[in-house]
Structures are given as structure tokens and as C-alpha cells.
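1. Let me see the structure of the following:
(one chain, ligands or ions: 1)
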Amino acid sequence: MSNAGQSWPPVETEPAVPHPKAPQPGSKLGVHYSHCFGCGDEVEVGLHLQSSVTDGPEVVSEFAVTEAHQGAPGLAHGGLLACAFDEALGAAVGNLLRKPAVTAKLETDFVRPVPVGSTLFITARLDGVAGRKTYASADGRLDAGDGPVAVRARGLFVTVGVEHFTTHGDKDALEKLAASARRRREEWDINP
Ligand SMILES: CCCCCCCC(=O)SCCNC(=O)CCNC(=O)[C@H](O)C(C)(C)COP(=O)(O)OP(=O)(O)OC[C@H]1O[C@@H](n2cnc3c(N)ncnc32)[C@H](O)[C@@H]1OP(=O)(O)O
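-> Residues are numbered from 1 along each chain as shown. Prediction:
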């Protein structure tokens, strides 16, 4: 059943205003972590999402569906499609607001099958902010930016401090990211 009839965002929000240093429309967004299953270039069977910022502001991501992503013969696995939307929504929240945030809730509507060999064009936008909570939604269209909608998603992202990652994550891997992380710390407002 579609969730289209439910109020969204579910709470009163303020407009999500992009950070002054957010990537400009036309900017390609790089890999945020090479071992990320959603975008990382060192994960052979990962989703390898490639994202860029558009007017709106929105983030458009492309996900090329391969045999590694199947659930049924020739069709994408729904959980992997949800993963693609988690990545696309997270990229929009993180890059446009320039604050670390994690997914607290993710809803997906699977509208039509996504075949192996197709490319999903995912457009993600910020719908509102309430304190540490950012609401975002996305549509995924088959094979073109104006193709038929195959998947819709919406999510709640909660802004966290860097300690979220240092406390719960892999400290060695985090240290290896120190140089780029330092650059981000200078540019992002890391405290919620
Ligand atoms: C560029 C980067 C792209 C990355 C894309 C990929 C992103 C990811 O996949 S992140 C990984 C998956 N997510 C996680 O591991 C998060 C695990 N969860 C947590 O760590 C915590 O539950 C966390 C941080 C979300 C919230 O915990 P905490 O900081 O204690 O805040 P908490 O007070 O519980 O919640 C904050 C607010 O969010 C609300 N909230 C939290 N979870 C939910 C939920 N599931 N549903 C509805 N509301 C929720 C709370 O009610 C609260 O609202 P209010 O401010 O109005 O009281």
C-alpha cells in the first residue's frame, strides 16, 4: 500500500536551507567513503551510486542495476533498492546541509519492477527540518530522469556529532580518513 496519503513531513518543520558552502548546482559529489556499499569505489559488488547537485536544490543519483543486485532472476532486490535510496537521501542531507546525519527511519514504495541492466535515476530533496531531524524524500525513475517512477522513498535523518562515529564505528578506518575528515570538519557544522 502506498504511503502517499500520509502527511509528510509528519511533524511541523522549517524549510531546510542549504549551507552557504553546500556544493553548487552542477557539482558532482565524490565518494564519501571508499568502502561504502552505496557509493564506494572499492566495493566490487556495491551500488556505485554517482550523485550530483541540481537546482532545487536536489541531489540526483544514478544507480546502474547489475546481476550482483538481483533478488529474483533479472530483477533488482528490494532491499538493495532501499539501500540505494538510503544513500541518495543521505547524500542530499549530508551535502546540502553539511552536517553529519544518520538514517533513523526509511520508508520505500516499490511501484514497478527494476530490471537488471536498467539505470535508476534517483532525485532526492530536503522536505523540512525540526531541530536535529531532517526529513527528505526521493523518486527513482527508470532509465531516464523523466522515465516512469519505479520506487519512491522518504526518510528521517538525525544530525549527530562526530562522536557517533568514533564511539560506534571503526576507529582505525576513521583515522585513515583523518585528512579528508579534517577538511570536512572545517567546512561542516559538526555539532547538532
Ligand atoms: C554522505 C553520506 C551518505 C550516507 C548514507 C547512508 C546513511 C546511513 O545508512 S546511516 C546508518 C544507519 N543508521 C544508523 O545506524 C542510526 C542508528 N540509530 C542511532 O544511532 C540513534 O537511534 C539516532 C542517532 C538516530 C537517534 O538517537 P539519539 O541521538 O539518542 O536521538 P533521539 O533523541 O533518540 O532522536 C532524535 C529525534 O529523532 C526522533 N527519532 C529517532 N528515531 C526515530 C524513528 N525511527 N522514527 C521517528 N522518529 C525518530 C526522536 O523521536 C527524536 O525526536 P525529538 O527531537 O522530537 O524528541
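2. Measure how buried Val116 is and give me the count.
-> Using other Cβ atoms under 10 Å, Val116 has 16 other residues around it. Quick note: C-beta positions are derived from backbone N, CA and C, even for glycine.
3. Single out the residue in the protein that lies closest to the ligand.
-> Closest approach of the chain to the ligand (Cβ to the nearest ligand atom) occurs at Gly90, with a separation of 2.5 Å.
4. Which strand or helix spans that residue?
-> Following DSSP states H and E, one finds Gly90 within helix 78-97.
5. Glu175 too?
-> Under the criterion DSSP H and E, the helix or strand holding Glu175 is helix 171-176.
6. And that helix, how far out from the chain middle?
-> Using Cα atoms, centre = their mean, to the nearest Å, the distance from the centre of helix 171-176 to the centre of the chain it belongs to is 22 Å.
7. so what's the backbone phi/psi at the closest residue to Thr119 other than its chain neighbours?
-> On the basis of Cβ to Cβ, 6 or more residues apart in numbering, the spatially nearest residue to Thr119 that is not a chain neighbour turns out to be Ala64, at 4.9 Å. The phi and psi torsions at Ala64 (degrees, to the nearest 10) take the values phi -90, psi 120.
8. just checking, Ala64 touches Gly46?
-> No. Under the criterion of Cβ atoms under 8 Å, Ala64 is not in contact with Gly46, lying 11.2 Å apart.
9. In terms of neighbours, single out the busier of those two.
-> Neighbours were counted for Ala64 and for Gly46 using other Cβ under 10 Å; Gly46 has more, 20 against 14.
10. From Lys105, how far out is the nearest residue to the more buried one once chain neighbours are set aside?
-> Using Cβ to Cβ, 6+ apart and skipping residues adjacent in sequence, the residue nearest Gly46 is Phe37, 4.8 Å away. From Phe37 across to Lys105, the span is 19 Å (Cβ to Cβ, to the nearest Å).
11. Among those two, which residue is more densely surrounded?
-> The residue with more neighbours, out of Phe37 and Lys105, is Phe37; 17 against 12, by other Cβ under 10 Å.
12. Run the chain-centre distance for stretch 137-149.
-> Relative to its chain's centre, stretch 137-149 lies at 15 Å (Cα atoms, centre = their mean).
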